[in-house]
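Participant: Give the three-dimensional model of this entry:
(chains A and B)
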Number of protein chains: 2
Amino acid sequence: MAETLTDTGLDLLFRNARTYTAWLDKPVSDGTLRDIYDLLRWGPTSANCSPLRIVYIKSVEAKERLRPHLSAGNVDKTMAAPATAILAQDMAFYDQFPRLFPHRDLRSSFLGKDDLIRDTAFRNSSLQGGYFILAARALGLDCGPMSGFNNKTLDAEFFPNRPFKSNFICNLGYGDKDKLHPRGPRLEFDEACNVL
Amino acid sequence: MAETLTDTGLDLLFRNARTYTAWLDKPVSDGTLRDIYDLLRWGPTSANCSPLRIVYIKSVEAKERLRPHLSAGNVDKTMAAPATAILAQDMAFYDQFPRLFPHRDLRSSFLGKDDLIRDTAFRNSSLQGGYFILAARALGLDCGPMSGFNNKTLDAEFFPNRPFKSNFICNLGYGDKDKLHPRGPRLEFDEACNVL
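Facilitator: You can find the predicted model right below:
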């Protein structure tokens, strides 16, 4: 008999979880930010390439560095969030292969192949972004993921000397349920899937 | 007090879950394939764009259509898996906005913007791929995700008349723990993250 998640767990991660834009006055501890990573890092990536890098923004000073790069509609909710994560991709992820995938020389299979590097970093850091959101929810946090910001200027501010490119950002905190709007619909199984 | 997942649940999804290449002789029901989607579809995407489309391959005939597109190292484990999912991105996802995001005319913000369409489809279908893997695990399945296949010829075979592009594929079944190799290492928190 395969083990499965309880209905309470499925509700917490998927069925009752919502994207929040308003937050309770309750801080997010550094320990919880660490715990998110300690869960998500076990999720699978291509050849264990693990390209996701995270900058957690908590201090007022760091929030002010983030502010000018946000789209207008994302400023207030982000400045109000107890923490904001920048989810970035390490474009030199292949330098970690000797340690993360020691069985074969994968580094030289990537070097100089810009399209392969770009697709692998983007696909796998986004996959890890999915693990990030569900790990945060598993730890009782609520998320507010966003793509609305200027990637280029944000990268110049936070990664001036590193080969990192931002993918998306995500507010973290304990969401204020009273400020939720009705949930958007989703495609039905037969619209999005088929079985052959 | 925020609700959190139990340790058993965290182990099931993250800490004890592994990528499998060998499978127990136990089928995966169509109902379970449907249940995966009914969970993952609630995960957040940009403006609810929900670009993921899934083809579940179960029959011998469909497996044979898949075979020629697989990288050599992925053939045996895929042909042996009870089911294989093709996770694809609908490059015309914006046509669903009037239904999925009726508040604003987002469709016209995307039309003709090829880079924005490509990035949005790839980021969000990969995010949904992360939800897919964790939803499958939550339902007691094991996963074997792979990027090693010929996207172009696979798309021509399975999506000749639809604007779908494959992202990655994922074997599904009940994994054979006796065939597992030792787990690869992961980067430590301080290597992948920092808090500002």
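
Participant: In chain A, which residue is most central in space?
Facilitator: residue A:129 (3.3 Å; CA atoms, centre = their mean).

Participant: What residues does the residue nearest to it when sequence neighbours are not counted make contact with?
Facilitator: Counting by CB to CB, 6 or more residues apart in numbering or on different chains, the nearest residue to residue A:129 once its immediate chain neighbours are dropped is residue A:87, at 5.1 Å. Heads up, the C-betas are built off the backbone N, CA and C, glycines and all. Under the criterion of CB atoms under 8 Å, 6 or more residues apart in numbering or on different chains, the contact list for residue A:87 reads A:52-54, A:125, A:128-129, A:132, A:166-170.

Participant: ok, now with 6 Å
Facilitator: A:54, A:129, A:167-168 (CB atoms under 6 Å, 6 or more residues apart in numbering or on different chains).

Participant: what residues are up against residue A:35?
Facilitator: residue A:139.

Participant: My reading is that it lies in a helix. Confirm?
Facilitator: Yes: under DSSP: H, G, I helix; E, B strand; the rest coil, residue A:35 falls within a helix.

Participant: Tell me, what's the model's pLDDT at it?
Facilitator: pLDDT recorded at residue A:35 is 98.

Participant: Tell me the spacing between it and residue B:161.
Facilitator: According to CB to CB, to the nearest Å, residue A:35 stands 46 Å off from residue B:161.

Participant: what's the answer for residue A:121, then?
Facilitator: Residue A:121 is 31 Å from residue B:161, by CB to CB.

Participant: Which one of the two is surrounded by more residues?
Facilitator: residue A:121 (25 against 5; other CB atoms under 10 Å in any protein chain shown).

Participant: Where does the more buried one sit, in terms of helix or strand?
Facilitator: Secondary structure from DSSP states H and E places residue A:121 in helix A:114-138.

Participant: which element follows that helix toward the C-terminus?
Facilitator: strand A:142-146.

Participant: same for that next one, what does it pack against?
Facilitator: strand A:164-173 (3 or more CB pairs under 6 Å, 6 or more residues apart in numbering or on different chains; DSSP states H and E).

Participant: mind listing what's buried in the next helix or strand after the strand it packs on?
Facilitator: Where DSSP H and E defines the elements, the next helix or strand beyond strand A:164-173 is helix A:189-192. The neighbour-count check on helix A:189-192 (16 or more other CB atoms under 10 Å in any protein chain shown) flags A:189, A:192 as buried.

Participant: do helix A:189-192 and chain B meet at all?
Facilitator: Yes: Helix A:189-192 comes into contact with chain B (CB under 6 Å from any CB of the partner chain), by way of A:189, A:192.

Participant: quick one: contacts of that helix?
Facilitator: B:34, B:37, B:53.

Participant: Show me which of those residues are buried.
Facilitator: For the contacts of helix A:189-192, buried by 16+ other CB under 10 Å: B:37, B:53.

Participant: Give the full set of residues in contact with the closest residue to residue A:70 other than its chain neighbours.
Facilitator: Spatial nearest neighbour of residue A:70, chain neighbours left out: residue A:149 (5.0 Å); criterion: CB to CB, 6+ apart. If a contact means CB under 6 Å, 6+ apart, then residue A:149 has A:69-71 as its contacts.

Participant: Hmm, residue A:85 is touching residue A:56, no?
Facilitator: Yes: with contact taken as CB atoms under 6 Å, residue A:85 and residue A:56 are classed as touching, separated by 5.4 Å.

Participant: quick one, which of the two is more surrounded?
Facilitator: Legend: neighbour count by other CB under 10 Å for residue A:85 and residue A:56, higher for residue A:85 (27 against 22).

Participant: Look at the more buried one and give its secondary structure.
Facilitator: Relying on three-state DSSP, one would call residue A:85 strand.

Participant: circling back to that earlier point, among the contacts of residue A:87, which one lies nearest to residue A:180?
Facilitator: Each of the contacts of residue A:87 was checked against residue A:180 using CB to CB; the closest is residue A:168, at 21.0 Å.
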